[in-house]
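K.L.:
I'd like to go over a predicted model; first the sequence, then the structure.
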Amino acid sequence: MKRILVVDDDVAVQRRCRELLEAEGFEVQCEASLGSTRRSLRTRPADVILLDLFLPDGCGFDLFRTSPELIDAIPILGMTAVYQGNANARILASRYPFKALLAKPIQRDDLVRALQTLLQSDYPARDPRRDPPALTSAPPPPAPPSAPLAASTRTGSFTAAARPATHFGRSGVFSSPLDALQATSPDDDAEAWDPTDALEPPPAPLPEPPPQDEPRPPSSRLGASLMER
């Protein structure tokens, strides 16, 4: 398994690189300074180094000048959030033997592309166990729709059990006249029950008022007598 040494003092960058590289099948070790990097390389060399350009105890590219014997024949990829762009990359590549320069925040496609170009056939094969499992059968059919729910109270709550509808009025709780029909089975004689029997008879219509007589005009004789007076 290829071993990659990540040198960066930012814990978030270390975590990000570890997650991406381990998902690709690499062994990853992280260091946070030039001193710990030198000690790690003396103990066990790495196949690739991801090197930040600014570290607490110096610049990353100082490793080329101070410890060339430790990084001999080890390809190094630079990481930076400052020296970005093709012009800066060409300047750094002309002064220091970086194989590539990656801009922060590190993107998976850029990192994978740089490592594939660098390692070529030595790039680890994709582990199928890390891939999401494929569907081997059709998804189960959807569940059948449930039976309609009966309203239990006027407040809008529902219950799955079928029971007579109970209503709440101003005078208290009373049963619906249709409860008897809900309690019957299909084998019962539905015609033997009339839901209107449980209802109160409608009030009798009010009698029409008798017609009123129209006022009669005064007679001519009564009018004449009134004029004489």
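P.N.:
On my side now, so go ahead.
K.L.:
List phi and psi for residue 100.
P.N.:
Phi and psi for residue 100, reported as degrees, to the nearest 10, are phi -160, psi 160.
K.L.:
From what I see, it and residue 118 are in contact.
P.N.:
Yes. Residue 100 lies in contact with residue 118 (CB atoms under 8 Å); the separation is 7.3 Å. The C-beta positions use only the backbone N, C-alpha and C, and glycine is treated the same way.
K.L.:
Quickly list what's touching both of those two.
P.N.:
residue 77 (CB atoms under 8 Å, 6 or more residues apart in numbering).
K.L.:
Tell me where this protein has strands.
P.N.:
Taking DSSP state E as the criterion, the chain carries its strands at 3-7, 27-31, 48-52, 54-55, 58-59, 76-80, 100-103, 150-151, 158-159, 166-169, 172-175.
K.L.:
Adding mean neighbour count and mean pLDDT, write these out as JSON lines.
P.N.:
JSON lines is the format used below for the strands of the chain (neighbours: other CB atoms under 10 Å; pLDDT from 0 to 100):
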{"stretch": "strand 3-7", "mean neighbour count": "22", "mean pLDDT": "97"}
{"stretch": "strand 27-31", "mean neighbour count": "18", "mean pLDDT": "96"}
{"stretch": "strand 48-52", "mean neighbour count": "24", "mean pLDDT": "96"}
{"stretch": "strand 54-55", "mean neighbour count": "18", "mean pLDDT": "92"}
{"stretch": "strand 58-59", "mean neighbour count": "14", "mean pLDDT": "90"}
{"stretch": "strand 76-80", "mean neighbour count": "22", "mean pLDDT": "92"}
{"stretch": "strand 100-103", "mean neighbour count": "19", "mean pLDDT": "89"}
{"stretch": "strand 150-151", "mean neighbour count": "14", "mean pLDDT": "46"}
{"stretch": "strand 158-159", "mean neighbour count": "10", "mean pLDDT": "39"}
{"stretch": "strand 166-169", "mean neighbour count": "11", "mean pLDDT": "40"}
{"stretch": "strand 172-175", "mean neighbour count": "9", "mean pLDDT": "44"}
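K.L.:
Mind putting those into JSON lines with distance to residue 66?
P.N.:
Shown next, in JSON lines, are those (distance: least, CB to CB, whole Å):
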{"stretch": "strand 3-7", "distance to residue 66": "14"}
{"stretch": "strand 27-31", "distance to residue 66": "15"}
{"stretch": "strand 48-52", "distance to residue 66": "13"}
{"stretch": "strand 54-55", "distance to residue 66": "12"}
{"stretch": "strand 58-59", "distance to residue 66": "8"}
{"stretch": "strand 76-80", "distance to residue 66": "14"}
{"stretch": "strand 100-103", "distance to residue 66": "20"}
{"stretch": "strand 150-151", "distance to residue 66": "82"}
{"stretch": "strand 158-159", "distance to residue 66": "76"}
{"stretch": "strand 166-169", "distance to residue 66": "87"}
{"stretch": "strand 172-175", "distance to residue 66": "91"}
